[in-house]
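J.: Turn this into a model:
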Amino acid sequence: MGNCTILHVVRTDPRLHEPMYYFLAMHSLTDMGMSLPTMITLFRVLWSISREIQFNICVAQMFFIHTFSFTESSVLLAMALDRYVAICHPLRYATILTPKLIAKIGITALLRSAIALIPLVSRLAFFPFCRSHILSHSYCLHQDMIRLACADTKFNVIYGLVLITVLWGMDSLGIFVSYIFILHSVLRIASREGRLKALNTCVSHICAVLILYVPMIGLSIVHRFAKQSSPFIHIFMAHIYLLVPPVLNPIIYSVKTKQIRQGVLHLLLPQKIHSIVM
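T.: Numbers count the residues shown, from 1 in each chain. Below you'll find the model as predicted:
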C-alpha cells in the first residue's frame, strides 16, 4: 500500500515529474516485484489453506524474487548516479537524465537481472528431487531448492556465487564510487548549511541501500556458511530480506523527502486539514 501510494503521488503530481522521482517510482515497483510473488504461497501457509506448491510455480516464484532483487540493486545504483549528477552537475541535471535515458536504465536493469538468472532456472527445472520435498521457507529461493536436488549442483552453486559477487559487487562498487565524488563535491561547498542541505538529499537513498544490502548479505551468509543453524534463523532472515525493505522504503522516503510527504498528505488528508498541517 505504501509503494502504491508513492507511485500514485509521483504519477499525479506534475511537480514530481523529475528524474529523482522517476527513479523513486522505479524503486517502488521493484520493491513490489520482490514481495508480491511471495504473497500467494505465504498467505496460503499462514491461513492453513495448503502447505504445498507446484514445482513449476515454485521455479517461477524463485525467478521473479531473485530477478527483482538484482533489479532493485541496479535501481539503487541508478539513484546514486542521480544524486551524483544533481550535486556535482546541477546545471546539466535535466539535460543528462532525460526521461528516455531513465526508461532505458530501467529496462536494462530488468533485462540484465532476468537474463543472468536464465542459466540457473533452466538447470534447476530439470533437476530430480528425490530427497525431502520440504522447503525451509514459505516461498522458493534458489539456495533452498538446490539443497533438495538429487543431482550435481556444483554449477548452480558456483554460478550463483559468481552472479551475486558480480552483480551486487558492481552495483555496490558503483554506489561507493558515486558517493566518493559526491562527498568531494560537497566538501567544496563554502557554507555549512549548503553542505548539510546537499547531504540531506542523500540520506533516504543511503537508508534504502542499507535496508536492502544488510539483510541480503546476512541471508547469503546464513545459507552458505551456517547451514546447521536453527531453522528459525533461516526463516527469520529470509522474511526480513523480502518483506522489510518494501515496508520501510515508502516510510523513509515519505518522512525524508518533502515533496513526497506533501503529496501523501495531499492525497490522504482533506484540503483544509492539509493546509493547517503544512
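J.: got a list of what Pro245 touches?
T.: Pro245 is in contact with Asp31, Met34, Glu72, Ala208, Ile211, Leu212, Pro215, counting by CB atoms under 8 Å, 6 or more residues apart in numbering. Just so you know, the C-beta spots here come from the backbone N, C-alpha and C atoms, and that holds for glycine as well.
J.: Distance from the chain centre to the host helix or strand of the second one, please.
T.: Take DSSP states H and E as the rule and Met34 turns out to sit in helix 19-46. Taking CA atoms, centre = their mean, to the nearest Å, the mean C-alpha location of helix 19-46 is offset from the chain mean by 8 Å.
J.: Sort out which residues of it are buried, please.
T.: When burial is assessed from 16 or more other CB atoms under 10 Å, helix 19-46 yields the following buried residues: 19-35, 37-38, 41-42, 45.
J.: What are the boundaries of the strands in the stretch 51-200 of the chain?
T.: Counting by DSSP state E, counting those that start in this stretch, the stretch 51-200 of the chain forms no strands at all.
J.: quick one: low-confidence parts of it?
T.: Applying pLDDT under 70 to the stretch 51-200 of the chain flags the ranges 131.
J.: just the helices in it please.
T.: Assigned by DSSP state H, counting those that start in this stretch, the helices in the stretch 51-200 of the chain fall at 55-88, 93-96, 99-124, 142-148, 154-163, 169-186, 192-225.
J.: Can you list the helices and strands that the second one packs against?
T.: When you say that, I think you mean helix 93-96. With contacts defined as 3 or more CB pairs under 8 Å, 6 or more residues apart in numbering; DSSP states H and E, helix 93-96 has these neighbours: helix 55-88.
J.: now for the helix it packs on, which elements pack on it?
T.: Here helix 55-88 touches helix 19-46, helix 93-96, helix 99-124, helix 142-148, helix 169-186, helix 192-225, going by 3+ CB pairs under 8 Å, 6+ apart.
J.: What are the buried residues along the fourth one?
T.: Just to be clear, that refers to helix 142-148. His142, Gln143, Asp144, Met145, Ile146, Leu148.
J.: out of the helices and strands packed on helix 55-88, which comes closest to Lys154?
T.: helix 142-148 (9.9 Å; CB to CB).
J.: contact partners of the closest one?
T.: 58-59, 62, 66, 120, 124, 127, 129, 131-137, 153, 156-157, 160, 220, 223-224, 227.
J.: same question, stretch 57-74
T.: Applying CB under 8 Å, 6+ apart, the external contacts of stretch 57-74 come out as 27, 30-31, 33-34, 37-38, 41, 53, 108-110, 112-114, 116-117, 120-121, 124-125, 135, 139-142, 145, 163, 167-168, 171-172, 212-213, 216, 242, 245.
J.: Need the buried ones from those residues selected in ChimeraX.
T.: Entered in ChimeraX, the line below selects the buried ones among the contacts of stretch 57-74, by 16+ other CB under 10 Å:
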select :27,30,31,33,34,37,38,41,53,109,110,112,113,114,116,117,120,121,124,135,139,140,141,142,145,163,167,168,171,172,212,213,216,242,245
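J.: All set, thanks.
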